[in-house]
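J.: the following comprises the amino acid sequence and a computationally predicted model.
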Amino acid sequence: MDGRAEPVRPTVMAPLDAMLWRLQRQAPHRTGIAGFAHLDGVVEREDMLAYHRDLVRRHPRLTCRATGHRRPRWQPDPAFSLDRHTTSITLSRDAPPHQLASLTAHLIGTPLPTDAPPWHAYVINQSGEGAGRAVYLFKTAHALADGLRLIELVQGRRPEPGGTASSWQPAPAPVGPRVRAELWARTALQALRAPGNGTPSSGSRHHAFFTFPKERIASAAATAGCSGNHVLLCSVARGVARLDPHGPHQVRGLTVVGDPHLPDARAGNGVTFASVTLPGADQEPRAALRATRAAVEASGGRRPPDVAALAATLAGALPTRAVSAGLDFFVGRHAFMASNVPAGRAPFTVAGRTVLQLFGVAPLFGGALMVTMVSYRDTCHFSLAADPAHVADVDELAEGVRDALSEICA
């Protein structure tokens, strides 16, 4: 067994982590999360192993597997070996770009084991001019980490006091019990009244990726008195609405609201979901952005009803199929989900190679579309994960979102 600095004690999972793990066991394609980075050169096998030896020393839970069902726990895996969790792949220098993209998408969709620590890391090397290039992919069960924690893990850092997302999301304001009750009632009524998409979800995933200058998003947000998250939500809603020329004037979406402070030391996830009704494509861009801000504030802003915590509490007393059906019902009444993960302006390295671009891929949770924006250095990196049963052409949708960003940030 390599990579472990000290013995790890068995730990009962936090409630939200436990719910996510139970969903992972039932449908592995639903709750995996990944981050991948373009590096400035090829990575030698020994450098990759050295990087991950250090990683598991700093995050010993990576040496644990999940055991139990109704109350799962992290249990040290006596057979843990980095060789089982790290893979090096080499493409020929003449391989076209789409081959690298196809391979990366295939690896993202490959199920993780349920009888071993649920994570795997890949390096895809491609020789070429100079030092060549490489893609580093780290995928894990969502029970181990949410998006913010995944990026921090890969960067080799831990959450700092005060968090890391303050520049992109406004600080939460106190909410009284009456307002809190009204928010819960509104969320429940909207979920019950909203129509479902009517089409069963599939296990397939199609992906699209693009980048956009961070400064343009920050400038548009500042001009409108908004945040980068508002720009993200507004652009995705406009892109979705334009897929159908006779589509709705409003688009319902779920925004992932993350807390830089985990609820307790056991937890890997500190997120919930806010349901927002957003303007479609028929409003002027700046007016749509202001309407988006108002919609987010009406849903609770940075302190929406914690539907994830409620679901995790109820899940402890329900069979997994009932939990999955409830998640399908709630998520399926939204056209998309969106997540915004800040990764900082400072460059960092993986296995001795500088990270040039950084993308995140989040699960659909039974929905149609998930859009993840990772802001790193001076660039926002967008990934779209779509269920082809609901989104016929994810590349066309990505173009629509990018066009909407250009309009909003003009």
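T.: Arrived safely, thanks for sending. It should be emphasised that the depicted structure is a prediction, and the values quoted were computed from it without experimental measurement. Residues are numbered from 1 along each chain as shown.
J.: taking the centroid of the protein, which residue is nearest it?
T.: With distances taken as CA atoms, centre = their mean, residue 362 lies nearest the centre of the chain, 3.3 Å away.
J.: quick one: it and residue 370 touch, right?
T.: Yes: with the criterion set as CB atoms under 8 Å, residue 362 and residue 370 qualify as a contacting pair; they are 5.1 Å apart. Placement of C-beta: from N, CA and C, glycine included.
J.: so what's the residue lying closest to residue 378 once chain neighbours are set aside up against?
T.: For residue 378, the nearest residue in space outside its immediate sequence neighbours is residue 214; the separation is 5.3 Å by CB to CB, 6 or more residues apart in numbering. Remark: with contacts taken as CB atoms under 8 Å, 6 or more residues apart in numbering, residue 214 is in contact with 375, 377, 378, 379, 380.
J.: same question for residue 384.
T.: Contacts here follow CB under 8 Å, 6+ apart; on that basis residue 384 touches 207, 208, 209, 369, 370, 371, 394, 397, 398, 401.
J.: could the residues you listed be laid out in JSON lines, adding pLDDT?
T.: Below are these laid out as JSON lines (pLDDT from 0 to 100):
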{"residue": "207", "pLDDT": "94"}
{"residue": "208", "pLDDT": "95"}
{"residue": "209", "pLDDT": "95"}
{"residue": "369", "pLDDT": "95"}
{"residue": "370", "pLDDT": "96"}
{"residue": "371", "pLDDT": "97"}
{"residue": "394", "pLDDT": "95"}
{"residue": "397", "pLDDT": "96"}
{"residue": "398", "pLDDT": "97"}
{"residue": "401", "pLDDT": "97"}
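J.: ok, and the closest non-adjacent residue to residue 105?
T.: Excluding the flanking residues, the one nearest residue 105 by CB to CB, 6+ apart is residue 207, at 5.0 Å.
J.: and for the closest residue in space to residue 60 that isn't next to it in sequence, the neighbour number?
T.: Counting by CB to CB, 6+ apart, the nearest residue to residue 60 once its immediate chain neighbours are dropped is residue 8, at 4.7 Å. The criterion is other CB atoms under 10 Å. On that basis, residue 8 has 18 neighbouring residues.
J.: next one: the one 10 residues further on
T.: Residue crowding around residue 18 was assessed by other CB under 10 Å; the count is 23.
J.: tell me the domain boundaries of the protein?
T.: Residue ranges for the structural domains of the chain, counted by automatic domain parsing, are given in the record as 11-155, 177-343+361-408.
J.: of all these, which one is nearest residue 351?
T.: Distances from residue 351 to each of the domains of the chain were compared by CB to CB, and the smallest falls on domain 11-155, at 4.0 Å.
J.: now the closest one: average pLDDT?
T.: Taken as a whole, domain 11-155 carries a mean pLDDT of 90.
J.: now do that domain: distance from first to last residue.
T.: Across its full length, domain 11-155 reaches 25 Å between end residues, using CA to CA, to the nearest Å.
J.: go on, stretch 53-66?
T.: For stretch 53-66, by CA to CA, the gap between its terminal residues amounts to 21 Å.
J.: and for stretch 235-255?
T.: Note: stretch 235-255 ends 13 Å apart using CA to CA.
J.: buried residues of it, list them for me.
T.: Of the residues in stretch 235-255, those scored as buried under the neighbour-count criterion (16 or more other CB atoms under 10 Å) are 235-242, 251-255.
J.: in JSON lines: the residues you listed, plus pLDDT, secondary structure and distance to residue 319.
T.: Listed next are those as JSON lines, based on pLDDT from 0 to 100; DSSP: H, G, I helix; E, B strand; the rest coil; distance: CB to CB, whole Å:
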{"residue": "235", "pLDDT": "97", "secondary structure": "helix", "distance to residue 319": "39"}
{"residue": "236", "pLDDT": "97", "secondary structure": "helix", "distance to residue 319": "33"}
{"residue": "237", "pLDDT": "96", "secondary structure": "helix", "distance to residue 319": "35"}
{"residue": "238", "pLDDT": "95", "secondary structure": "helix", "distance to residue 319": "39"}
{"residue": "239", "pLDDT": "94", "secondary structure": "helix", "distance to residue 319": "37"}
{"residue": "240", "pLDDT": "94", "secondary structure": "helix", "distance to residue 319": "33"}
{"residue": "241", "pLDDT": "92", "secondary structure": "helix", "distance to residue 319": "37"}
{"residue": "242", "pLDDT": "89", "secondary structure": "coil", "distance to residue 319": "40"}
{"residue": "251", "pLDDT": "92", "secondary structure": "strand", "distance to residue 319": "33"}
{"residue": "252", "pLDDT": "91", "secondary structure": "strand", "distance to residue 319": "28"}
{"residue": "253", "pLDDT": "93", "secondary structure": "strand", "distance to residue 319": "29"}
{"residue": "254", "pLDDT": "92", "secondary structure": "strand", "distance to residue 319": "24"}
{"residue": "255", "pLDDT": "92", "secondary structure": "strand", "distance to residue 319": "29"}
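J.: any chance of CSV for those, columns distance to residue 220?
T.: Output for those, formatted as CSV (distance: CB to CB, whole Å):
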residue, distance to residue 220
235, 10
236, 15
237, 15
238, 13
239, 16
240, 19
241, 19
242, 19
251, 19
252, 23
253, 19
254, 22
255, 18
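J.: ok, so of those residues, who is nearest residue 279?
T.: When those are ranked by distance to residue 279 (CB to CB), residue 237 comes first, at 6.6 Å.
J.: going along the chain, name the helices of the stretch 51-200 of the chain.
T.: Counting by DSSP state H, counting those that start in this stretch, the stretch 51-200 of the chain forms helices over residues 82-85, 97-109, 147-155, 177-193, given from the N-terminal end onward.
J.: show me what the second one is packed up against.
T.: Here helix 97-109 touches strand 32-39, strand 86-91, strand 119-126, strand 133-141, strand 206-213, going by 3 or more CB pairs under 8 Å, 6 or more residues apart in numbering; DSSP states H and E.
J.: ok, then the element right after the helix or strand hosting residue 322?
T.: Taking DSSP states H and E as the criterion, residue 322 maps to helix 320-331. Sequence-wise, the next helix or strand beyond helix 320-331 is strand 336-342, with elements assigned using DSSP H and E.
J.: relative to that next one, what are the paired strands and their orientations?
T.: Strand 336-342 sits in its sheet next to strand 250-258 (parallel), strand 369-376 (parallel), going by DSSP bridges.
J.: need the next SSE after the first one, C-terminal direction.
T.: What that stands for is strand 250-258. In the C-terminal direction, the helix or strand that comes right after strand 250-258 (DSSP H and E) is strand 271-279.
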